[in-house]
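>>> I would like to see how this sequence folds:
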Amino acid sequence: MQLTIRHETRYTYTLPLAYTIQQLHLTPRAEPQQHVLSWSLSTPGHVHAYTDAYGNLSHMMTMDAPHNALCIVASGSIATTAPDRGRVPNGDHLSPLIFTVPTRLTAATPGILELAASCLPDGKAQSKDLMCLAEHIFGAVRYQSGATAVSTTASDALALGQGVCQDHAHLFLACCHAHGIPARYVSGYIDPGNTGHAASHAWVDAWVDDKDYSGWISIDVTHARLMTDAYCRLAIGRDYDGAAPVRGVRRGGGTESLSVDVQIVPQ
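Presented below is the predicted three-dimensional model:
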C-alpha cells in the first residue's frame, strides 16, 4: 500500500512567546515493512536533526525570537507492506529487556495487576495471550475522544473506563511490564478507511515466544488487531513521553490554543 500523509500542528498564543523548544518525531522510521518515497518537514526557527537512543529519526526545533504562533507541517508518501502475523523485525539492536521498565504513565496498580493476571503468564507470552489482553483492554476502556489527556496514567484510564489510543497502549504496556514481558509504545498514523477521520495513532510492540518465532509483534490495542499495511510508524519508546510526535516547552505566551489536522490518502 502507498500512504500519502500530511500532518499540520498549529499553536497560537494570546501573548508573545520569548522561547520555544520542541522535540519532533515526525519522520517515519526506516523499517523493512515501510519505505519512505518522499518526506519533508516544515518548521520555523532552528532545526537540528538527530537519531535518538531508540533509533527514531528526530528533530529538535528552537525559536528564540518573539512569536505569537507556531506551525509545523510533516508530509510525504510511504510504501508499506503487511508484516506476517504482525511480526516486525528486531533491527534496532536494543535489548528487549529495556522495555520491561515501568514509567510514570505505565506503573502497575492492583487493578492493572488483576487485568494482567487474567491473560498473561509470567516472563514469556504467546501471540494468543497478548491478543487476549488487547481484547480485554478494548472491553474495559471504551474509546472516548477528549476523556483523558496526554498526562493521564494507565491506572487512571482503567479507573475511568474511558480513553483514547495512548491510554490503551499505556494500559497494555503496564500489564506486560507487570509480568516481565517486554513491550514498547509506537506512535504513527493509520489509514482511517471509510470512517473519514484521520489522526495520529498509538499502538504497541510486544515480545512473543511462539513455537516458531521469538520477537516483536505489533498490536493495535484500540482496535484489538495486529498491525497491517495501513499503518505508518514514526517512533518507538517506553511510553508517550518518549515517542510523542510533537512535545516541548515554552516561555511566555499566555493561553495556548492547539489545532491538529491530519490527512491520509491510501493508494
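
>>> Count residues in the vicinity of Ala74, would you?
Residues near Ala74, counting by other C-beta atoms under 10 Å, number 25. Backbone N, C-alpha and C define where each C-beta goes, glycine included.

>>> Show the contacting residues for it.
Ile5, Arg6, His7, Leu24, Leu26, Thr27, Trp39, Ser40, Leu41, Ser42 (C-beta atoms under 8 Å, 6 or more residues apart in numbering).

>>> List the strands paired with the helix or strand the second one falls within, with their directions.
What that stands for is Arg6. In this assignment (DSSP states H and E), Arg6 forms part of strand 2-24. Strand 2-24 sits in its sheet next to strand 57-63 (antiparallel), strand 67-80 (antiparallel), strand 246-252 (antiparallel), strand 256-266 (antiparallel), going by DSSP bridges.

>>> May I see the ones you listed organised as CSV, with mean pLDDT added?
Listed next are the strands paired with strand 2-24 as CSV, based on pLDDT from 0 to 100:
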stretch, mean pLDDT
strand 57-63, 96
strand 67-80, 96
strand 246-252, 92
strand 256-266, 92
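
>>> Let me have these in a markdown table, extended by distance to Thr20.
Formatted as a markdown table, these follow (distance: least, C-beta to C-beta, whole Å):
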| stretch | distance to Thr20 |
| --- | --- |
| strand 57-63 | 5 |
| strand 67-80 | 6 |
| strand 246-252 | 5 |
| strand 256-266 | 11 |
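
>>> Flag the shaky bits of the protein, pLDDT-wise.
194-198 (pLDDT under 70).

>>> mind running it again at 50?
The model of the chain has no residue with pLDDT under 50.

>>> what residues go with each domain of it?
Domains of the chain are assigned by automatic domain parsing as 2-80+245-266, 84-243.

>>> Of those, which stretch is the most buried?
Of all the domains of the chain, domain 84-243 carries the top mean neighbour count, a mean of 19, counting by mean count of other C-beta atoms under 10 Å.

>>> now it: how far from the chain's centre is it?
Distance of domain 84-243 from its chain centroid, counting by C-alpha atoms, centre = their mean, to the nearest Å, is 9 Å.

>>> what are the ranges of the helices in this protein?
Counting by DSSP state H, the segments of the chain that form helices are 110-117, 127-140, 154-160, 165-178, 240-243.

>>> Could you dump the ones you listed into TSV with distance to His223 added?
Formatted as TSV, those follow (distance: least, C-beta to C-beta, whole Å):
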stretch	distance to His223
helix 110-117	18
helix 127-140	8
helix 154-160	17
helix 165-178	9
helix 240-243	18
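
>>> out of the ones you listed, nearest to Tyr231?
helix 165-178 (11.9 Å; C-beta to C-beta).

>>> Can you list the helices and strands that the closest one packs against?
helix 110-117, helix 127-140, helix 154-160, strand 183-190, strand 200-210, helix 240-243 (3 or more C-beta pairs under 8 Å, 6 or more residues apart in numbering; DSSP states H and E).

>>> Alright, I will stop here.
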